[in-house]
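Chemist: compute the structure for the input listed below.
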Amino acid sequence: MSTTVARTMSSIPARTASETWRAIVNLIAPSDEQARTELLGVEGIACSLITDKAMTAPIIVTGKGPRVRIYCQYDEDAISGDDANESALATKPTEEEWAVSMPCEEADLSWVQEALKKKSSRITARDKSLGIRLSQSDEIENSTHAVVLFDEEAFLRK
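Modeler: This is a model prediction of the structure:
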């Protein structure tokens with residue numbers, strides 16, 4: 001099972017969607033110019049998702065270090081900022097191989113995926129109603145029930 005780190009960003013109305021996306025980029029790619037360019041290249045699409053409040057489900061960043069989940073808070077929660085955690089990450093996930101999966105409403109998923117595909121192979125969108133699963137192997141990691149296999153015969157053997 002992989003380690004996960006979470007951050008919560010204050011968004012609309014405390015910040016505009018563009019300011020929120022730039023804060024996210026600064027968090028995950030503070031010094032990697034190539035990653036920053038790629039992430040800022042999808043700013044319009046990301047801002048659309050932020051404005052639609054899709055980011056109540058996490059943006060998932062995989063790369064160097066632990067998996068990072070980034071949530072946005074909105075409305076009064078964003079204004080108060082009480083539950084925000086925008087502190088720097090201990091590692092820079094975009095220093096090596098990396099990927100970003102953004103949550104998206106099902107109704108917008110096809111156009112968002114198509115638009116992202118034209119701009120980046122590392123940045124994708126997923127149906128936010130499906131939770132945080134990125135692949136079939138994540139299904140076990142993210143399930144709410146652990147599966148335990150018990151060999152009664154071996155257990156009772158002396």
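Chemist: C-alpha from now on. contacts and neighbour counts both.
Modeler: Fine.
Chemist: identify the residues contacting stretch 79-97?
Modeler: Under the criterion Cα atoms under 8 Å, 6 or more residues apart in numbering, residues 7-10, 13-14, 27-30, 32, 35, 61-66, 73, 77-78 lie in contact with stretch 79-97.
Chemist: please pick the buried ones from the residues you listed.
Modeler: 7-10, 14, 27-30, 32, 35, 61-63, 65-66, 73, 77-78 (16 or more other Cα atoms under 10 Å).
Chemist: which neighbouring elements make contact with the helix or strand where Ala46 lies?
Modeler: Element membership for Ala46 (DSSP states H and E) is helix 43-51. When contacts are defined as 3 or more Cα pairs under 8 Å, 6 or more residues apart in numbering; DSSP states H and E, helix 43-51 packs onto helix 17-28, strand 99-104, helix 109-119.
Chemist: out of those, deepest packed?
Modeler: strand 99-104 (a mean of 23; mean count of other Cα atoms under 10 Å).
Chemist: given it, what are its sheet partners and their directions?
Modeler: strand 59-62 (antiparallel), strand 123-127 (parallel) (DSSP bridges).
Chemist: export that strand to PDB, keeping only CA atoms.
Modeler: The C-alpha trace of strand 99-104 is given here as PDB (Å, rounded to 0.1, in the frame of the first residue of the first chain):
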ATOM      1  CA  ALA A  99       0.800  12.000 -13.400                       C
ATOM      2  CA  VAL A 100      -2.100  14.100 -12.400                       C
ATOM      3  CA  SER A 101      -5.700  12.800 -12.300                       C
ATOM      4  CA  MET A 102      -8.400  15.500 -11.900                       C
ATOM      5  CA  PRO A 103     -12.000  14.800 -10.800                       C
ATOM      6  CA  CYS A 104     -14.700  15.700 -13.200                       C
END
